[in-house]
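Undergrad: Okay, sequence plus prediction incoming.
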Amino acid sequence: MAWNVVDNFLYLCLFFVLALFLKKTVPFLQRYIIPNSILAGFIGLILGPSLIGIIPLEFERLGDIIYHLMAIGFISLSLRRVDSEKTWNTVNAGFIIVSGYLVQGVFGFLFSTSWSYFDETVSPLMGLLLPLGFGQGPGQAYSMGAQWQELGFTGGAAIGLSISAAGFAWATIGGIIILNLLVKKKREKGEIKITPKKVMVRDFEFAAIDGSTIQLVFIGAIYFGVFGLLTLISGLMENLGEFGATFSQVLWGFHFVFGAIIGFGVRGIYNRMQDRGIVKEDYLNNFILQRISGGVFDFMVAASISAVSFAHISDVFVPLLIMTLLGGLITYIYLSFVIPRAFSENRLPNLIAMFGMQTGTISTGVALLREIDPAMESGAAENMVLGSGFSIMIGLPLIALLNVPVMGFVSGNSLYYFYFMGGMIIYGIFMGGVLFRRTR
């Protein structure tokens, strides 16, 4: 019997026990807003193979846990009954996500290209991994870095993982600091008061089945539909050669987006069936779905941080450190400028969630969000996941542009670098114009 996944899940439970104990006994941890899931993740990072090595965590098994929990969490969120007007904000969120990648990519490429003139050990391609490591997580950064490594980018895979680890540091440590500073400022002005939401709970059972089982059946059925849909698309993509294989892999990485979209569709159909009297029972319950998504996201965040592995990057440590420090700062400055102009309400939850996602992953964004929006009623979580889905469509030109400087690196023709910057500037002007018009 395969116990690998179960072992790693039980280790995560142990990390949560230690995190809860520390939060109850250490005054410093009680003084500030620190999500238990992030604290549990750092305990796993310290005790795991990356540092002390007491707990035999397996990074591949943790990756499997993260992958599936992400889809389950967002499917459960999408099945809740929510205000339909909030979904319009997801279009703005999609533009913000892609434009954030664009800002990170332009800065990273300018930084690494400038540094490479004085230090030959630094490749101009290093900066292009900044939006991948920060915004897409370790999987995409490692995959792209490994492909470029085969084209001559020394240490590309290790650098991709290192940028992702730096992004996690910004999303967790930096995110907690920013969260506490912003909340303190708004509390002093009397603009915010964070209190756990009190929910009246009633028994939710049917004659032959428990209410929680009903929610899990809906979630499982939708996830099965996601698997079938992506399998079908992958089969059709096989005829397109290498491009089809790459694009298919990208789609599997966004499985949670497909899950959320199908979930919203199922919820919409279910609501209409209720309105017409076809369905008499209220099978989908917001409270239980919220509890499922909350528990799933807690474990996903803890697993994400525990799974960070440190690669050996001594040759480019200094420029990599400076680039990631400045990259995180620029990301926050950009988001703090654009989000108040893109959202008319719930600006703080959207800012915190977007920063956690654009430097780490969606899971770290959710972890920070839950500290100020425990019931996830601000719409920031939906903005992240549906905005990510919308960003796939409008972000395709950006993905194509990333290959232009790679061609210049391989051929030795620096003109490609100017073509890349020109394309990014034109694309940025287009994105800014559309976003500005929408916010107007």
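TA: All right, it came through fine.

Undergrad: from here on, contacts and neighbour counts on C-alpha atoms
TA: OK.

Undergrad: and Gly277, how many residues sit next to it?
TA: By other CA atoms under 10 Å, the residues close to Gly277 number 10.

Undergrad: quick one: pLDDT of it?
TA: On pLDDT, Gly277 comes in at 81.

Undergrad: From Ala40, how far out is it?
TA: The gap separating Gly277 from Ala40 is 46 Å, by CA to CA, to the nearest Å.

Undergrad: just Ser391 next, same as before
TA: In terms of CA to CA, Ser391 sits 31 Å off from Ala40.

Undergrad: ok, those two, which is more surrounded?
TA: Comparing Ser391 with Ala40 by other CA under 10 Å, the one with more neighbours is Ala40, at 28 against 21.

Undergrad: Is it correct that the more buried one is in contact with Leu22?
TA: No: taking contacts as CA atoms under 8 Å, Ala40 lies outside contact range of Leu22: 9.8 Å.

Undergrad: right, and Met144 touches Ala157 too?
TA: Yes: at 7.5 Å, Met144 and Ala157 qualify as touching, with contact defined as CA under 8 Å.

Undergrad: between these two, who's got more neighbours?
TA: A side-by-side neighbour count of Met144 and Ala157, using other CA under 10 Å, places Ala157 first with 22 against 17.

Undergrad: I'd like to know which elements the helix or strand harbouring that one is packed against.
TA: In this assignment (DSSP states H and E), Ala157 forms part of helix 156-169. Applying 3 or more CA pairs under 8 Å, 6 or more residues apart in numbering; DSSP states H and E, one finds that helix 156-169 contacts helix 129-131, helix 138-150, helix 317-342.

Undergrad: among those helices, which is the most enclosed?
TA: Of all the helices and strands packed on helix 156-169, helix 129-131 carries the top mean neighbour count, a mean of 29, counting by mean count of other CA atoms under 10 Å.

Undergrad: what helices or strands is that helix leaning on?
TA: Looks like helix 129-131 contacts helix 89-116, helix 138-150, helix 156-169 (3+ CA pairs under 8 Å, 6+ apart).

Undergrad: From the chain's centroid, how far away is the next helix or strand after the last one?
TA: Translated: helix 156-169. Where DSSP H and E defines the elements, the next helix or strand beyond helix 156-169 is helix 175-188. Put simply, helix 175-188 sits 21 Å off its chain's centre (CA atoms, centre = their mean, to the nearest Å).

Undergrad: May I have helix 175-188 as CSV, with CA atoms only?
TA: The C-alpha coordinates for helix 175-188 follow below in CSV (Å, rounded to 0.1, in the frame of the first residue of the first chain):
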residue,chain,number,x,y,z
GLY,A,175,3.2,39.9,3.0
ILE,A,176,2.8,39.5,6.7
ILE,A,177,4.7,42.8,7.4
ILE,A,178,2.7,44.7,4.8
LEU,A,179,-0.6,43.2,6.1
ASN,A,180,0.2,44.3,9.6
LEU,A,181,1.3,47.8,8.6
LEU,A,182,-1.8,48.4,6.5
VAL,A,183,-4.2,47.0,9.0
LYS,A,184,-2.7,49.0,11.8
LYS,A,185,-2.9,52.2,9.7
LYS,A,186,-6.6,51.6,8.9
ARG,A,187,-7.4,50.7,12.4
GLU,A,188,-5.9,53.9,13.7
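
Undergrad: list the buried ones in the helix or strand following it?
TA: Later in the chain than helix 175-188, the nearest helix or strand by DSSP H and E is helix 211-237. Using 16 or more other CA atoms under 10 Å as the burial criterion, the residues of helix 211-237 that qualify are 211-212, 214-216, 218-219, 222-223, 226, 230, 234, 237.

Undergrad: repeat for stretch 372-382
TA: Buried residues in stretch 372-382 (16+ other CA under 10 Å): Ile372, Asp373, Pro374, Ala375, Met376, Ser378, Gly379, Ala380, Ala381, Glu382.

Undergrad: closest to Arg291 among the residues you listed?
TA: Closest approach to Arg291 among the buried residues of stretch 372-382 (CA to CA): Ala375, at 9.1 Å.

Undergrad: isn't that closest one right up against Leu289?
TA: No: look at Ala375 against Leu289 with CA under 8 Å: they stay out of range, at 10.7 Å.

Undergrad: End to end on stretch 366-384, go ahead and measure it.
TA: End-to-end distance of stretch 366-384 (CA to CA): 9 Å.

Undergrad: could you give the mean pLDDT of that stretch?
TA: 80.

Undergrad: roughly how far out does that stretch sit from the chain middle?
TA: Computed by CA atoms, centre = their mean, the separation of stretch 366-384 from the middle of its chain amounts to 13 Å.

Undergrad: Then stretch 280-296?
TA: Put simply, stretch 280-296 sits 22 Å off its chain's centre (CA atoms, centre = their mean).

Undergrad: For Met407, give me its contacts.
TA: Counting by CA atoms under 8 Å, 6 or more residues apart in numbering, Met407 touches Tyr416.

Undergrad: Where does it fall, secondary structure wise?
TA: Met407 is part of helix 403-411 when elements are defined by DSSP H and E.

Undergrad: Check which residues of that helix are buried.
TA: Neighbour-count burial for helix 403-411, counted by 16+ other CA under 10 Å, picks out Val404, Pro405, Val406, Gly408, Phe409.

Undergrad: contact partners of the next helix or strand after it?
TA: Sequence-wise, the next helix or strand downstream of helix 403-411 (DSSP H and E) is helix 415-439. With contact meaning CA under 8 Å, 6+ apart, helix 415-439 is reached by 92, 95-96, 99, 102, 106, 341-343, 398, 401-402, 404-405, 407-408.

Undergrad: Confidence-wise, which of those residues comes last?
TA: Ranking those by pLDDT, Leu402 lands last with 74.

Undergrad: In contact with the nearest residue to Leu369 once chain neighbours are set aside, which residues?
TA: Counting by CA to CA, 6 or more residues apart in numbering, Leu369 lies nearest to Ala353, which is 5.3 Å off, once chain neighbours are set aside. By CA under 8 Å, 6+ apart, Ala353 lies in contact with Thr364, Gly365, Val366, Leu368, Leu369, Ala380, Ala381, Met384.

Undergrad: Which of those residues ranks first by neighbour count?
TA: Thr364 (31 neighbours).

Undergrad: Count the neighbours of Leu240 for me.
TA: That count, for Leu240 with other CA under 10 Å as the rule, works out to 11.

Undergrad: Return the subset of the contacts of Ala353 lying in helices.
TA: Thr364, Gly365, Val366, Leu368, Leu369, Ala380, Ala381, Met384 (DSSP state H).

Undergrad: Before I go, just wanted to say thanks for your time.
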